[in-house]
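S.K.: turn this into a model:
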Amino acid sequence: MLTEDQRAECVASLLESHRSKVQGMRPSERFPQIELEDSYAISSAVAAAKVKAGARIIGHKIGLTSKAMQAASKIDEPDFGYMFDDLILNDGAKVPFDSFCVPRVEPELTFILKEPLKGPGIGLIDVMRATEWVVPSIEIIDARVTEPRRIFDTVADNGAAAGIILGGRPVRPTDVDLRWVGAIFYRNSEIEETGLAAGVLGHPAMAIAWLANKVGQYGTVLEPGHMMLSGSFTRPVHAKKGDTLHADFGPLGSVSVQFT
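M.R.: Okay, here's the model as predicted:
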């Protein structure tokens, strides 16, 4: 475990990377004795600083829920981070490339709740009952720390959350078999990745159940109206300046973002 001063040093480094868009030293390199509890405490402290500066928490993101993402990150368990109101972007948004350190993008499904979820003991059916809308999305992730990252670094870095683009055709959770929602993911005109939402823990709603049970350990409730990103079902695609990333969700429409 880290001391409070050591945690504060990691928080200050991450906040500076948010400001400067320059990667900082990863917490696991700075303090090899770091534990997962330290990482979540660091993430919470960074979130508190952002809220104090005027941001509003509007939900959570879940990462590393698919075999593809775990293999890409060499991590074997999910993580979560906070979503803020200033991360929401419109479909087709043009975002400055220089607003990120090393931007990557992923297609996924966002769950918007109509009822609270409080773990432990939350399962798939509980999530389906509590969800009002499921929305096709693209998530922008950004590594504010250097590689090679470990689970401690990803968690401390708020799950690398950097932006979310909502689009396509929102559906009720029972309108379609969510396991079979697919995406073709393009960079400009070339297909980079394809995948099915079943790649997320067998069913994307299981990611929300995992989150409810995980944060329930800390007394946190997933609130009505909050957005929950269920995690990518493809590997992340690196974005370069000038790139347009486009996710085609078939019957559920498409979502795109351009880096300028």
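
S.K.: least trustworthy helix or strand in this structure by mean pLDDT?
M.R.: The weakest-scoring helix or strand in the chain, judged by mean pLDDT, DSSP states H and E, is helix 67-73 (a mean of 64).

S.K.: now do the contacts for V105.
M.R.: Residues near V105 by C-beta atoms under 8 Å, 6 or more residues apart in numbering: 138-141, 236-237, 239, 245, 257. For every residue, glycine as well, the C-beta is placed using N, CA and C.

S.K.: between all of the residues you listed, which two are separated the most?
M.R.: Spatial extent of the contacts of V105 (C-beta to C-beta) is set by the pair P236 and V257 at 13.6 Å.

S.K.: and these two? Which one has more around it.
M.R.: Neighbour tally, P236 and V257, criterion other C-beta atoms under 10 Å: the higher count belongs to V257, 26 against 23.

S.K.: what sits up against the helix or strand hosting the more buried one?
M.R.: Secondary structure from DSSP states H and E places V257 in strand 254-259. Strand 254-259 is contacted by residues 89, 91-97, 103, 105, 107, 136-138, 140, 163, 165-168, 239-249 when judged by C-beta under 8 Å, 6+ apart.

S.K.: if any of the residues you listed are buried, put those into a ChimeraX selection.
M.R.: Per 16 or more other C-beta atoms under 10 Å, the buried members of the contacts of strand 254-259 correspond to this ChimeraX selection:
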select :89,91,93,95,103,105,107,136,137,138,140,163,165,166,167,168,239,243,244,245,246,247,248,249
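
S.K.: out of the contacts of strand 254-259, which are inside strands?
M.R.: For the contacts of strand 254-259, the ones inside strands are 89, 93-95, 103, 105, 107, 136-138, 140, 163, 165-166, 244-248, with DSSP state E as the criterion.
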